[in-house]
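After the sequence you'll find the predicted model.
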Amino acid sequence: MNGPWVIFNADDFGDSQEINEAVIRAHREGVLTSASLMVGGKAFEEAVRLARENPSLAVGLHVTMAEGWPTLSPPELVGLTDNEGKLRSGPAVGFLILFRRDARQALFREIEEQFRRFLATGLPLSHVDGHLHFHIHPLIFPRLLRLAEESGASGIRIPRDDWKLSLKFPPKRFFLSTLWALIYAPLTSWALKVAKRSGLIVTDKVYGLFKTGSMTEEYVEAVLKNLRESSAELYFHPTSGGTISPLGPNPGDLATLLSPRIRQVVEERGIRLVTYPSLRRVKHAP
C-alpha cells in the first residue's frame, strides 16, 4: 500500500546545543527526515558539523527575521534589534519595514546574508521556511522565493494547517488559533499563487501552526490517520532540554518524533517518509 508522502521537519536547528542533540536523535532513532537551520543561532557551527556527519538528514534554511539572532550587526539593522542584539518581535519588525525604507532594505540584506552563510557551509539546501512564518510577509515573500530558487532549494513551506482538527486536542487555544487562522488564510492563499510561478515544491498540507509547542503523540497520530492529501509536512520544535516557552522548543515534540506508536501508524498507513528534495524528484519523475 502506498500512502501519502510526509516530511517530518524540526525547526530551530542550530539555535542551541539541546536542540541540535534532539534533532540528531530524532533523525537517527525516530521519524525525523529534515531540519531547518538557523544560521544566526548560537550553536550554528555545531549544527553544521552534525549535519555533515548525518548526510541522510536534509537541511533547509530557517530564515530568521524576528525574535531570533541575526547575522548582521545591530548598527547595520537600523532599529530592527533590541538591547540584546536580537531581532525584535514580529509586529515591531513588520511595522518598521512597512514605514521605513532603510529598515526594509536592511532586512533584505539580512535575508541575503543568511542565504550566503548557509551556502558557505557547503550543505545542499533542501528547503526554505521562516521563523514565525515571517517569510510569507507580502513585502518579503517574492524576494525570498527568488533567493530560494537561485540558491538551489527544492521546496518552500507555506503553512496550511487543519484548524478544526487542532481544536479536538488540548490545550485548545481557541482564540489564538482562530486569530492565526484568520491571519494566515489570505496570506497563504496569496503565497501559493506566487509560489506556483516558481519551480519549488510546496506540500499539500503543513501541520504545526495551531499546535506549535504541543505536537503530541495523540495529535500527530490523528493527523496521520486523517491525512487525505498526497503530501504533507509536519514541523516540530524538539529539544533535549526543558520547555523554553509554551510555543516551544519542548521535550514533548522530541518524544513524539521518537514514539514507537507514530512509527507504527506510518507503517500501517503506508506513509512514505520523504524530504523536499526526494519529493521533488518524485513529482518531476517522467
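Yep, that arrived.

In the chain, where is pLDDT below threshold?
Residue ranges of the chain with pLDDT under 70: 1, 286.

which stretches of it form strands?
5-13, 34-37, 58-63, 127-130, 155-156, 205-207, 231-236, 272-273 (DSSP state E).

What separation do you get for D12 and E150?
D12 sits 25 Å away from E150, going by Cβ to Cβ, to the nearest Å. Glycine gets a C-beta too; all of them are placed from N, C-alpha and C.

Next: R173.
R173 is 38 Å from E150, by Cβ to Cβ.

try D253
D253 is 32 Å from E150, by Cβ to Cβ.

More neighbours: which of these two?
Counted by other Cβ atoms under 10 Å, D253 and E150 do not tie: D253 has more neighbours, with 28 against 10.

isn't that one right next to S240, touching?
No: D253 is beyond contact range of S240, at 10.9 Å (criterion: Cβ atoms under 8 Å).

From the chain's centroid, how far away is stretch 217-229?
In terms of Cα atoms, centre = their mean, to the nearest Å, the gap separating the centre of stretch 217-229 from the centre of its chain is 19 Å.

could you dump it to PDB, C-alpha only?
Taking Å, rounded to 0.1, in the frame of the first residue of the first chain, the C-alpha atoms of stretch 217-229 are listed here in PDB:
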ATOM      1  CA  GLU A 217       1.700  11.800  20.000                       C
ATOM      2  CA  GLU A 218      -2.100  11.700  20.100                       C
ATOM      3  CA  TYR A 219      -2.400  14.700  17.900                       C
ATOM      4  CA  VAL A 220       0.200  13.600  15.300                       C
ATOM      5  CA  GLU A 221      -1.400  10.200  15.200                       C
ATOM      6  CA  ALA A 222      -4.700  11.800  14.400                       C
ATOM      7  CA  VAL A 223      -3.100  13.900  11.700                       C
ATOM      8  CA  LEU A 224      -1.500  10.900  10.000                       C
ATOM      9  CA  LYS A 225      -4.700   8.900  10.200                       C
ATOM     10  CA  ASN A 226      -6.800  11.700   8.700                       C
ATOM     11  CA  LEU A 227      -4.400  12.800   6.000                       C
ATOM     12  CA  ARG A 228      -6.100  12.600   2.600                       C
ATOM     13  CA  GLU A 229      -3.700  14.700   0.600                       C
END
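
got the contact list for it?
With contact meaning Cβ atoms under 8 Å, 6 or more residues apart in numbering, stretch 217-229 is reached by 3-4, 6, 162, 165-166, 168-169, 203-205, 207, 211, 232, 234, 255-256, 259, 261-262, 265-266, 269, 271.

Quick one, which of those are buried?
Using 16 or more other Cβ atoms under 10 Å as the burial test, these include 4, 6, 162, 166, 169, 203, 205, 207, 211, 232, 234, 255-256, 259, 262, 265-266, 269, 271 as buried.

Who are the packing partners of the biggest helix by length in the chain?
Longest helix of the chain, by residue count under DSSP state H: helix 174-195. The contact analysis (3 or more Cβ pairs under 8 Å, 6 or more residues apart in numbering; DSSP states H and E) places helix 174-195 against helix 141-150, helix 163-166.
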